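Chemist: Got a sequence here, can you model it:
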Amino acid sequence: MSDETFTRRFHADRSDLERVGILIDVLQSSELSDTGESPLYFLPEENFRLPEVTFTAEEARLLGFVLAALEGRFAYSRPLRMALTALLGGETHQLSDELQRLPIMIEPDVDALMAGSRLARLEEAVSRHKTVCFSYISANGAKLDRTVDPYSLFQFRSHWYVVGRDHLRNDVRIFRVGRIKGPVRYATEKSRDFDIPSDYDPDQYRARPPWLLGPISGEAVVRVGEDRAWLVKRLQPHVIWVGDDSQGASLFRVPFADKKVLLSWLVSIGGKETALDPPSLRTELLDLLEAVQRAHSEPAQEPSELEVRRLRKAETPPGDFPIAAERLARALNLLTYLVRPGQPSFLPWEAFKQDLGLSPQEVQEDVGVINLVNFGGGTYALTADVKPDGVMVIRDVMADTFARPCRLSPTMAKALLLALDLVGETLAAEASPEALDSLRRKVAALVPDCPGQVAIDEFPMPDSNVLRTLDKAICDRTVVEIEYFHPYRQELAIREIEPYLLFHCPQGWYLAAYCLRAASQRTFKLERIRTARLTGKAFTPRPEIDLRLPRAGRAFSSDKVATWATLRFHPRWQTELEDRVGEYVVCQDGWLRVRIPYASEEWVVRETVQYLGDAVLEKPAHLRTKVSELAQTLTDHYRSQPPASFEEIV
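Modeler: Residues are numbered from 1 along each chain as shown. Next comes the predicted model:
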């Protein structure tokens with residue numbers, strides 16, 4: 001090739017290496033002797049090698065459990081496996097056979113599988129600061145072509161979102177990846193299209209209470225009784241605890257963006273000691289409750305139906321997750337894997353799949369590149385020969401030079417941190433708190449500085465002490481005493497349970513257990529468990545316990561419920577309804593009619609009231625009276641309560 005072509009290729013390769021964390025240094029002409037020499041490029045060993053890191057046996061075992069819990073269920077499963085193979089020197093601590101006894105289960109990331117190459121392209125665009133174009137279906141069903149500078153990716157409640165500057169609106173917007181139709185394309189062929197503004201704060205878009213979605217418009221003062229103040233304290237720092245008054249109730253300052261959603265949350269907490277300030281919020285809450293009462297005090301009015309919108313529930317598509325390690329990083333890690341001391345001379349395809357998560361096609365592609373560099377560049381590290389059932393490897397004189405792994409690429413490093421964020425605390429029984437903290441520090445030290453690029457959020461997070469107790473009880477088969485808040489019965493009850501599995505689904509973390517008081521299997525939401533205490537009493541697993549549903553990441557199945565309610569919702573809830581139901585009807589007045597299964601009348605009554613007029617229960621008719629009665633009870637309560645005030649505490 002010509003000198004110009006060679007120079008262009010060289011700098012392109014140098015940029016590719018930099019994108020996977022390997023920096024080639026340069027001595028400029030001014031630093032050289034005055035002989036007219038060209039710049040000298042060199043690769044310091046510390047720029048290439050993975051920094052020395054030693055994991056204790058406890059930390060390595062914890063990493064193995066993280067991999068086992070997320071294998072085939074995590075959007076970053078493939079780069080996670082590759083990163084752990086590099087970190088643990090080939091000892092990946094395969095625990096897949098032990099997955100059935102793990103105390104936790106994560107639902108598969110169906111959103112990532114359905115998004116496919118769209119999510120992979122967005123992940124790459126966020127890392128490379130590339131502007132993208134795509135067609136997007138808005139909440140009202142309109143399809144528009146969008147051009148976006150993507151700043152961050154977030155996963156919340158099992159859905160992926162991209163945040164960035166929308167060129168159409170010239171403002172930062174949030175786009176749900178599942179609403180993108182067709183391919184995601186780069187807008188230009190440039191290596192970099194934009195810089196993230198200095199005032200962009202990714203924390204503003206991370207998981208937070210639904211009443212904080214948007215610009216802050218006000219602040220409420222909320223007084224909550226001792227029996228449920230702990231629920232509110234777990235929302236810190238999104239709420240500010242000020243102190244307790246002389247009656248033992250807690251006072252909180254609560255900023256909000258959507259006051260109606262805030263008032264709905266307040267109603268869901270309930271309690272005789274709950275109070276609210278300023279007066280304008282109290283007045284608005286009373287007006288909304290009175291509207292609920294009026295809407296349910298007479299026979300339901302049924303406006304004519306315009307159309308039925310059916311939503312096909314997506315099945316988990318086959319195949320691997322779309323997000324993979326960068327191509328160059330993949331080849332470098334494969335080279336290290338092939339020349340590792342003690343590696344057999346022949347490696348079957350299954351070994352590559354098990355240890356690196358690579359398909360035969362990917363291995364063949366990378367072996368071709370490795371052989372080209374080995375013979376064309378004169379590295380003499382190995383000879384790799386692809387056979388029908390695997391790869392034959394002969395180590396060469398410089399094999400040891402490449403036996404130590406190179407630095408983790410940004411994608412591999414992100415996969416490690418995201419995995420620990422997702423399941424780290426839930427594996428507390430498998431390692432001490434010190435081991436978990438130490439592991440996080442060691443992993444963070446290996447991660448390139450890419451703040452806010454990708455985050456997997458949970459809100460609210462379960463209490464770590466409760467998690468640790470339940471984790472241990474599941475592993476040791478020990479009965480646990482819990483304090484559990486029933487939001488629809490509005491009571492804090494004590495239960496003795498036999499815990500079987502912690503599982504995660506789009507609505508949060510749950511516990512599958514056998515309740516001794518109810519003498520049957522029950523599901524408990526972790527955020528509603530105030531305390532958990534080991535009783536010391538052992539139990540034998542009951543054969544009638546059915547964990548198929550929780551192992552599939554589902555807390556509830558409508559297949560087993562014969563009772564259905566019909567409700568009409570305000571159009572603002574269309575997006576939420578599309579996640580919950582298989583079909584809905586658009587009425588003449590624009591509202592949406594849906595059928596929702598329920599197992600408890602208390603649930604459907606309080607659920608209706610909590611929408612504060614944005615939901616009207618139509619059937620069953622006898623529950624409309626109960627909705628009206630509950631709205632009246634809450635109206636009387638908030639009208640009689642004195643305002644929440646800081647004066648006593650101050």
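Chemist: Strands of the stretch 251-400 of the chain, start to end?
Modeler: 275-277, 305-310, 346-348, 382-387, 390-395 (DSSP state E, counting those that start in this stretch).
Chemist: Regarding this protein, what is its longest helix?
Modeler: helix 621-640 (DSSP state H).
Chemist: What average pLDDT does that helix get?
Modeler: Confidence for helix 621-640, expressed as mean pLDDT, is 91.
Chemist: Equivalent analysis for stretch 198-213, please.
Modeler: Averaging pLDDT along stretch 198-213 gives 84.
Chemist: For it, buried residues please.
Modeler: 200, 202, 205-209, 211-212 (16 or more other CB atoms under 10 Å). The C-beta positions use only the backbone N, C-alpha and C, and glycine is treated the same way.
Chemist: Quickly, which of the strands of the stretch 251-400 of the chain bottoms out on average pLDDT?
Modeler: strand 305-310 (a mean of 69).
Chemist: burial measure for residue 26, as a count.
Modeler: 11 (other CB atoms under 10 Å).
Chemist: need the contact list for it.
Modeler: For residue 26, the contacting residues are 39-42, by CB atoms under 8 Å, 6 or more residues apart in numbering.
Chemist: Three-state assignment for residue 460, please.
Modeler: Per DSSP: H, G, I helix; E, B strand; the rest coil, the secondary structure class of residue 460 is coil.
Chemist: isn't it right next to residue 526, touching?
Modeler: No - taking contacts as CB atoms under 8 Å, residue 460 lies outside contact range of residue 526: 9.4 Å.
Chemist: ok, those two, which is more surrounded?
Modeler: More crowded of residue 460 and residue 526, by other CB under 10 Å: residue 526, with 21 against 17.
Chemist: For that one, grab phi and psi.
Modeler: Dihedral angles phi and psi of residue 526 (degrees, to the nearest 10) take the values phi -60, psi -40.
Chemist: quick one: which helix or strand includes residue 509?
Modeler: With elements taken from DSSP states H and E, the one containing residue 509 is strand 508-515.
Chemist: other SSEs contacting that strand?
Modeler: Where contact means 3 or more CB pairs under 8 Å, 6 or more residues apart in numbering; DSSP states H and E, strand 508-515 is packed against strand 491-505, strand 520-525.
Chemist: Helices of the stretch 301-450 of the chain, start to end?
Modeler: Along the stretch 301-450 of the chain, the segments classed as helices by DSSP state H, counting those that start in this stretch run 327-339, 349-356, 360-376, 410-423, 433-445.
Chemist: of those helices, which approaches residue 610 most closely?
Modeler: Proximity to residue 610 (CB to CB) singles out helix 410-423 among these, at 29.1 Å.
Chemist: For the closest one, buried residues please.
Modeler: Those would be 410-420, 422-423, for helix 410-423 by 16+ other CB under 10 Å.
Chemist: Kindly indicate which of these lies nearest residue 251.
Modeler: residue 422 (34.1 Å).
Chemist: wait, what's in contact with the closest one?
Modeler: 70, 74, 106, 456, 458.
Chemist: JSON lines for the residues you listed, including secondary structure, pLDDT and distance to residue 3?
Modeler: As requested, the contacts of residue 422 are exported to JSON lines (DSSP: H, G, I helix; E, B strand; the rest coil; pLDDT from 0 to 100; distance: CB to CB, whole Å):
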{"residue": "70", "secondary structure": "helix", "pLDDT": "86", "distance to residue 3": "48"}
{"residue": "74", "secondary structure": "coil", "pLDDT": "90", "distance to residue 3": "46"}
{"residue": "106", "secondary structure": "strand", "pLDDT": "85", "distance to residue 3": "54"}
{"residue": "456", "secondary structure": "strand", "pLDDT": "82", "distance to residue 3": "47"}
{"residue": "458", "secondary structure": "coil", "pLDDT": "75", "distance to residue 3": "55"}
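Chemist: how far does stretch 425-441 stretch from start to finish?
Modeler: Length of stretch 425-441, first residue to last, CA to CA, to the nearest Å: 15 Å.
Chemist: Equivalent analysis for stretch 191-208, please.
Modeler: Using CA to CA, the end-to-end distance of stretch 191-208 comes to 34 Å.
Chemist: excluding its backbone neighbours, what's nearest residue 173?
Modeler: Leaving aside its sequence neighbours, residue 173 sits nearest to residue 166 (CB to CB, 6 or more residues apart in numbering; 4.1 Å).
Chemist: give me phi/psi at the one you found?
Modeler: Dihedral pair for residue 166: phi -90, psi 120, per degrees, to the nearest 10.
Chemist: Please name the bridge partners of it.
Modeler: Residue 166 has these beta-bridge partners by DSSP bridges: residue 148, residue 171.
Chemist: just the one 10 residues further on next, same as before
Modeler: Beta-bridge pairing of residue 176 under DSSP bridges involves residue 161.
Chemist: What about it, how many residues nearby?
Modeler: So residue 176, with other CB under 10 Å, has 17 neighbours.
Chemist: ok, it - contacts?
Modeler: If you count contacts by CB under 8 Å, 6+ apart, then residue 176 has 159-161 around it.
Chemist: Kindly present the buried residues of stretch 198-213 as JSON lines, with separate columns for distance to residue 136 and secondary structure.
Modeler: Listed next are these as JSON lines, based on distance: CB to CB, whole Å; DSSP: H, G, I helix; E, B strand; the rest coil:
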{"residue": "200", "distance to residue 136": "21", "secondary structure": "coil"}
{"residue": "202", "distance to residue 136": "21", "secondary structure": "helix"}
{"residue": "205", "distance to residue 136": "17", "secondary structure": "helix"}
{"residue": "206", "distance to residue 136": "22", "secondary structure": "coil"}
{"residue": "207", "distance to residue 136": "22", "secondary structure": "coil"}
{"residue": "208", "distance to residue 136": "23", "secondary structure": "coil"}
{"residue": "209", "distance to residue 136": "26", "secondary structure": "coil"}
{"residue": "211", "distance to residue 136": "26", "secondary structure": "helix"}
{"residue": "212", "distance to residue 136": "24", "secondary structure": "helix"}
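Chemist: avg pLDDT for stretch 49-66?
Modeler: The average of the pLDDT scores along stretch 49-66 is 84.
Chemist: Give me the buried positions along that stretch.
Modeler: 50, 55, 59-66.
Chemist: re the thing from before, between the buried residues of helix 410-423, which sits nearest residue 625?
Modeler: Among the buried residues of helix 410-423, and counting by CB to CB, the member closest to residue 625 is residue 422, at 44.6 Å.
Chemist: returning to that earlier point: can you list the contacts of residue 422 in TSV and add distance to residue 548 and neighbour count?
Modeler: Formatted as TSV, the contacts of residue 422 follow (distance: CB to CB, whole Å; neighbours: other CB atoms under 10 Å):
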residue	distance to residue 548	neighbour count
70	20	22
74	21	26
106	16	20
456	26	21
458	24	17
